[in-house]
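[1] here is a sequence together with a model predicted from it:
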Amino acid sequence: MIELTINPTDKKQLKIKQTLEDMSLARKVVEKENHQSPTLSHSGKTYSGFDDIEKYIEELVQLQKQWYACRCDMFAD
């Protein structure tokens with residue numbers, strides 16, 4: 001499960017939360033008002049800051065798109 005720690009008063013950090021909600025991924029969101037920079041933990045790895053988290057989320061988006069893509073071309077007749 002993804003664990004995201006954000007400052008709920010920072011609109012940019014709330015956008016990360018919204019992105020994960022839109023993707024319908026299992027997640028736990030921890031909100032700390034004194035938290036300066038977002039952190040995301042998943043599969044034993046931790047991503048800190050906007051750039052690292054956005055890069056990782058983009059990888060998840062691509063994986064999700066591939067997962068749900070019609071792959072009829074993968075199967076021979």
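    The structure has been received and is ready for your questions. Fair warning: this is a prediction, and the values are worked out from it, not measured in the lab.

[2] what are the ranges of the strands in the protein?
    2-6, 27-31, 39-42, 45-48 (DSSP state E).

[3] JSON lines for these, including distance to K55 and mean pLDDT?
    Glycine gets a C-beta too; all of them are placed from N, C-alpha and C. As requested, those are exported to JSON lines (distance: least, C-beta to C-beta, whole Å; pLDDT from 0 to 100):
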{"stretch": "strand 2-6", "distance to K55": "14", "mean pLDDT": "97"}
{"stretch": "strand 27-31", "distance to K55": "17", "mean pLDDT": "97"}
{"stretch": "strand 39-42", "distance to K55": "11", "mean pLDDT": "97"}
{"stretch": "strand 45-48", "distance to K55": "8", "mean pLDDT": "98"}
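
[4] ok, the residue nearest to the spatial centre of the chain to L25 distance?
    Central residue of the chain (C-alpha atoms, centre = their mean): I57, 4.3 Å from the mean position. Separation of I57 from L25 (C-beta to C-beta, to the nearest Å) stands at 10 Å.

[5] now do E3
    Taken as C-beta to C-beta, the span from E3 to L25 is 11 Å.
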